[in-house]
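# predicted coordinates and the sequence they were generated for:
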Protein chains: 2
Amino acid sequence: MTGRPRVVIIGGGFAGLGVARRLRRVPVDITLVDRRNFHLFQPLLYQVATGGLSPANISAPLRSVLKRQRHTRVILGEAIDVDLPSRRVLLPGETLEYDTLVVATGTTHHYFGHDEWEHLAPGLKSIEDATEMRRRILLAFETAERAHTPEEMRELLTFVVVGGGPTGVELAGAIAEIARDTLHREFRSINPADARILLLEGTDRVLPSYPPNLSHKARRQLEQLGVTVRTGAMVREIHPHQVMIQTHDQSETIATRTVLWAAGVRASPLGRRIAQAAGLTPDRAGRVPVQPDLTVPGYSQVFVIGDLACCLDEQGRPLPGVAPVAIQQAGHVARTIRNRLHNRPTPAFRYRDVGTMATIGRHRAVAVCGPFHLSGYLAWLAWLLIHVINLVEFRDRVFVTLEWAWNYLTWNRGARLITGSPAEIMPGTSAAPVGTGQADRAELASHST
Amino acid sequence: MTGRPRVVIIGGGFAGLGVARRLRRVPVDITLVDRRNFHLFQPLLYQVATGGLSPANISAPLRSVLKRQRHTRVILGEAIDVDLPSRRVLLPGETLEYDTLVVATGTTHHYFGHDEWEHLAPGLKSIEDATEMRRRILLAFETAERAHTPEEMRELLTFVVVGGGPTGVELAGAIAEIARDTLHREFRSINPADARILLLEGTDRVLPSYPPNLSHKARRQLEQLGVTVRTGAMVREIHPHQVMIQTHDQSETIATRTVLWAAGVRASPLGRRIAQAAGLTPDRAGRVPVQPDLTVPGYSQVFVIGDLACCLDEQGRPLPGVAPVAIQQAGHVARTIRNRLHNRPTPAFRYRDVGTMATIGRHRAVAVCGPFHLSGYLAWLAWLLIHVINLVEFRDRVFVTLEWAWNYLTWNRGARLITGSPAEIMPGTSAAPVGTGQADRAELASHST
């Protein structure tokens, strides 16, 4: 209790952690609340899902990042509501009072009204999601090696990625590389390169937010890796052993055991509560509409930034939910807080478009930076460099570079672990999952005919 | 089906994988069965539990290790029984016939008749165990930072390690280093160095299998790190917030939220089934008594090795369950299989004692190698070297060395992630665990008094 202005930040992603770090020399008291004890570098999460990196490689403990900022306190917990009139944040068992509030809790998966698909087609937002995807991808190959029929084998070696945005493109490309290169010569009954990888996209091209010529190039690069791209394809049903899709006026059933969701995200629940409290209507994705200074209308001391905010550009279009937007908004908020301490005005936030990029595989990527459109080797090198530079901790930069160099030279992936509960890590060849206890009770007698 | 002798190996640890690798130039057909898709370097598992290494650093995918051995097939699955007379191994949905069988399924936790302690005091055998321990240790500090009373804080900052063997000593030492060094200056309401770490051992000294002078030195080094060592202490009861122990004729209750189990192991269930089938009595730890050639009495084509075997030395004492024994036994079995192909005899197995070592912390360790007893800096250097050299994959050797070098220079630990289900990763400050869904339904109204 120093009497200095209290800044409460909810969320330790690019936006929230960005604000905290940029306030390091500003005389305020900061409390950063996050549900996790680490900052996660989400753009590389698909590499954890595909065994290229370990979770720790793309994570930075929040306390470690902020340890030198003595005026910053980190709390592990979930903000369950915000009381705007009385300026308080509610956590289970604790209430935080603020003078300035920054809400940046990001997004969660969205299944467009089909929540029952969540366990059939996991999405990719957390470390747990990534290790779950990794488990499903690797286990499909393991189970195929022990398949009893060619149909079962084909079903197991069919991978469906739903959503042709950057995450879907990167996932599909990485699975193709696992099948072709990483697992080469490791199996005896199957040829992993026979795997069929389908990328489904609802619009008429992959990477719909990119210029059309780069969408075209991305598709060609995916096809060179053996990925089948289906555009204009909508998922109608997902079942444990099949997916039903509709392309234009044709419907098709794909036999598969592995469906990965990269199609939709929705603002985290706190967004809707804040919108309601402020009398606003969230946008279609649940995001909070903010003013040009990134505050909530009517509450000039409450900022909403990052993927949770619906912030319009000069043309009145919402800014995309990408890291550069979050990082620039964090800078703007920190500047505003500092200026307000000196009663100085801050000009409205303006996003400076630094471009966007997606990688497809070894030597394959697409990138757009202002008037420059890159694809292939050069885009891939740029992608590597930009992603390493932007990792929060120096340690992560060093180890990601080393892991990548090693993977590049050996065509291998170092983190190919199938982890989970005993029932999850066994191939699905028996009707009931077999754990340790059950194995102990099983009897050979009934099988020895 | 080449008509060559079929060797089935159950278990991909030091023993099982060792046999497979040493048979790489022997004309047999090998099938290696394991429940996991990777070999785990168990001696360093405690470093995953304490955030020093990532799971992938100490794991090697079995397929990757054996990919160049075209006569070796890897199967992910659990052997649930062995039919000795008809020479078959039963897996769910599959039966494997063998000419030679090697069983090396190791050990599992053992709670001495108190299986209900398992979720209160997790043991350390698998990657999942290690990430669970890591979660509990880190979450205790996080929850203490938000504690409401000094009693609650003390309870949260008390760590009890049960069992003073190498695993218990290494765990207690690592937790002390986390509290003193790693978390230094990262908290605002607590001083992590105030943590109380208790190491409980039932016999009269830690590391009871070591020479007494090294036990004494290990204890002194632990105490230098701030660990409280209690010898002659038996655990009577474990509850969510306390442990009751008995030391000689005194009983004591320790208020704690974190109890870690390093006390007992028991042979895996397959051991008992094989012993029963062969008409043998397993030893007290459930291990299978084997002949001097490591075969099961009456079944010269069935070898049991590693931690699962009760193999007597020249003095009639059972060999300890350590990696060097498993590795040497693997070599012996591979030699026997090769010799039998040429109808050559193989001398009985004899364990060549290469010594043993345990690390306690930075610059602190004890080691015994024949007549040489080392402790302190030199033992610590030897420990580092021996452990890096023995990692199975060259990749793991490189990355473990780099991670250690980094941790050594920065006094930090790179893999400090709290992972798990939403209910698990939240501090236990509220009565009910709060997940995403619940947060959405919670109401601030009831709290705003």
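Now that the structure is in, tell me what you want to look at.

# all contacts plus neighbour counts: C-alpha atoms, from now on.
Fine.

# quick one: the helices in chain A?
Using DSSP state H, the helices of chain A run over A:14-22, A:45-49, A:62-66, A:127-145, A:150-156, A:166-177, A:212-224, A:269-277, A:323-341, A:377-390, A:394-410, A:436-441.

# distance to chain B and mean neighbour count added to those, as a markdown table?
Listed next are the helices of chain A as a markdown table, based on distance: least, CA to the nearest CA, whole Å; neighbours: other CA atoms under 10 Å in any protein chain shown:
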| stretch | distance to chain B | mean neighbour count |
| --- | --- | --- |
| helix A:14-22 | 15 | 25 |
| helix A:45-49 | 11 | 25 |
| helix A:62-66 | 5 | 21 |
| helix A:127-145 | 6 | 23 |
| helix A:150-156 | 14 | 18 |
| helix A:166-177 | 16 | 26 |
| helix A:212-224 | 26 | 18 |
| helix A:269-277 | 6 | 20 |
| helix A:323-341 | 22 | 20 |
| helix A:377-390 | 17 | 16 |
| helix A:394-410 | 8 | 16 |
| helix A:436-441 | 5 | 14 |
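
# least reliable of these by average pLDDT, please.
Averaging pLDDT over each of the helices of chain A singles out helix A:436-441 as the lowest, with a mean of 32.

# you'd agree residue A:176 is up against residue A:197?
Yes: applying CA atoms under 8 Å, one finds residue A:176 in contact with residue A:197, separated by 6.8 Å.

# what do the two both touch?
With contacts taken as CA atoms under 8 Å, 6 or more residues apart in numbering or on different chains, residue A:176 and residue A:197 have A:226, A:227 as neighbours in common.

# show me the contacts for the closest residue to residue A:392 other than its chain neighbours.
Distances taken as CA to CA, 6 or more residues apart in numbering or on different chains put residue A:60 closest to residue A:392, at 6.9 Å, once the chain neighbours are dropped. Residues touching residue A:60, when contacts are defined by CA under 8 Å, 6+ apart, comprise A:38, A:39, A:40, A:392, A:393, A:396.

# okay, the closest residue to chain B within the stretch 101-250 of chain A: pLDDT?
Of the residues in the stretch 101-250 of chain A, the one nearest chain B is residue A:186, at a distance of 4.9 Å by CA to the nearest CA. What the model reports for residue A:186 is a pLDDT of 96.

# quick check: residues of the stretch 151-300 of chain A near chain B?
The stretch 151-300 of chain A has residues A:185, A:186, A:187, A:188, A:269, A:270 near chain B, with proximity defined as CA under 8 Å from any CA of the partner chain.

# just the residues you listed now: which is nearest residue B:17?
When those are compared for distance to residue B:17 (CA to CA), residue A:186 wins out at 15.5 Å.

# so for stretch A:224-240, what gets flagged as buried?
Of the residues in stretch A:224-240, those with enough neighbours to count as buried (16 or more other CA atoms under 10 Å in any protein chain shown) are A:225, A:226, A:227, A:228, A:229, A:230, A:231, A:233, A:234, A:235, A:238.

# list the contacts of that stretch.
Contacts with stretch A:224-240, where a contact means CA under 8 Å, 6+ apart, come from A:117, A:120-121, A:162, A:172-173, A:176-177, A:196-206, A:219, A:222-223, A:243-248, A:256-257.

# check these for burial and list the buried ones.
The neighbour-count criterion (16+ other CA under 10 Å) marks A:117, A:120-121, A:162, A:172-173, A:176-177, A:196-202, A:205-206, A:219, A:222, A:243, A:245-247, A:256-257 among these as buried.

# now intersect those with the strands, please.
A:162, A:196, A:197, A:198, A:199, A:200, A:243, A:245, A:246, A:247 (DSSP state E).

# how much space between the most centrally placed residue in chain A and residue A:383?
Among the residues of chain A, residue A:125 comes closest to the average C-alpha position under CA atoms, centre = their mean, at 3.9 Å. In this structure, residue A:125 and residue A:383 are 20 Å apart, going by CA to CA, to the nearest Å.

# and if you look at residue A:211?
Relative to residue A:383, and taking CA to CA, residue A:211 is found at 17 Å.

# repeat for residue A:22
Here the distance between residue A:22 and residue A:383 works out to 25 Å (CA to CA).

# same check, this time on residue A:206
18 Å.

# again, but for residue A:341
Using CA to CA, one gets 39 Å for the distance from residue A:341 to residue A:383.

# same check, this time on residue A:300
Counting by CA to CA - residue A:300 and residue A:383 are separated by 37 Å.

# cool, residue A:75 as well?
33 Å.

# now residue A:281
Following CA to CA, the distance that separates residue A:281 from residue A:383 is 37 Å.

# one more: residue A:77?
Residue A:77 is 34 Å from residue A:383, where distance means CA to CA.

# go on, residue A:234?
Using CA to CA, we find residue A:234 at a distance of 30 Å from residue A:383.

# cool, and residue A:267?
Relative to residue A:383, residue A:267 is positioned 27 Å away (criterion: CA to CA).

# contacts for stretch A:158-167, please.
Applying CA under 8 Å, 6+ apart, the external contacts of stretch A:158-167 come out as A:46, A:168-169, A:171-172, A:195-202, A:205-209, A:235, A:255-264, A:357-359.

# rerun that using 6 Å as the cut-off
When contacts are taken as CA atoms under 6 Å, 6 or more residues apart in numbering or on different chains, the neighbours of stretch A:158-167 outside the stretch itself are A:195-201, A:206-207, A:256, A:258-263, A:358.

# for it, measure first residue to last.
Between the opening and closing residues of stretch A:158-167 lies a distance of 19 Å (CA to CA).

# and it, how far out from the chain middle?
For stretch A:158-167, the separation from the chain centroid amounts to 13 Å (computed by CA atoms, centre = their mean, to the nearest Å).

# ok, now stretch A:370-379?
Worked out by CA atoms, centre = their mean, stretch A:370-379 lies 23 Å from the chain centre.

# with stretch A:318-336 instead?
The chain centroid and the centroid of stretch A:318-336 are separated by 17 Å under CA atoms, centre = their mean.

# repeat for stretch A:254-274
Stretch A:254-274 has its average C-alpha position 10 Å from the chain's average C-alpha position, going by CA atoms, centre = their mean.

# export it as PDB, just CAs?
What follows is the C-alpha trace of stretch A:254-274 in PDB, where atoms were taken according to Å, rounded to 0.1, in the frame of the first residue of the first chain:
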ATOM      1  CA  ILE A 254     -14.300 -39.200 -44.500                       C
ATOM      2  CA  ALA A 255     -13.200 -42.100 -42.300                       C
ATOM      3  CA  THR A 256     -10.700 -40.800 -39.800                       C
ATOM      4  CA  ARG A 257      -9.800 -41.200 -36.200                       C
ATOM      5  CA  THR A 258      -7.900 -37.800 -35.900                       C
ATOM      6  CA  VAL A 259      -9.700 -34.500 -36.300                       C
ATOM      7  CA  LEU A 260      -8.000 -31.300 -35.200                       C
ATOM      8  CA  TRP A 261      -9.800 -28.100 -34.800                       C
ATOM      9  CA  ALA A 262      -8.300 -24.800 -36.000                       C
ATOM     10  CA  ALA A 263     -11.500 -23.200 -37.200                       C
ATOM     11  CA  GLY A 264     -12.900 -20.900 -34.600                       C
ATOM     12  CA  VAL A 265     -12.100 -18.900 -31.500                       C
ATOM     13  CA  ARG A 266     -14.300 -16.900 -29.300                       C
ATOM     14  CA  ALA A 267     -13.500 -14.100 -26.700                       C
ATOM     15  CA  SER A 268     -13.100 -15.400 -23.200                       C
ATOM     16  CA  PRO A 269     -16.200 -15.200 -20.900                       C
ATOM     17  CA  LEU A 270     -14.900 -12.200 -19.000                       C
ATOM     18  CA  GLY A 271     -15.300 -10.200 -22.200                       C
ATOM     19  CA  ARG A 272     -19.100 -10.700 -22.300                       C
ATOM     20  CA  ARG A 273     -19.400  -9.800 -18.600                       C
ATOM     21  CA  ILE A 274     -17.500  -6.500 -19.100                       C
END
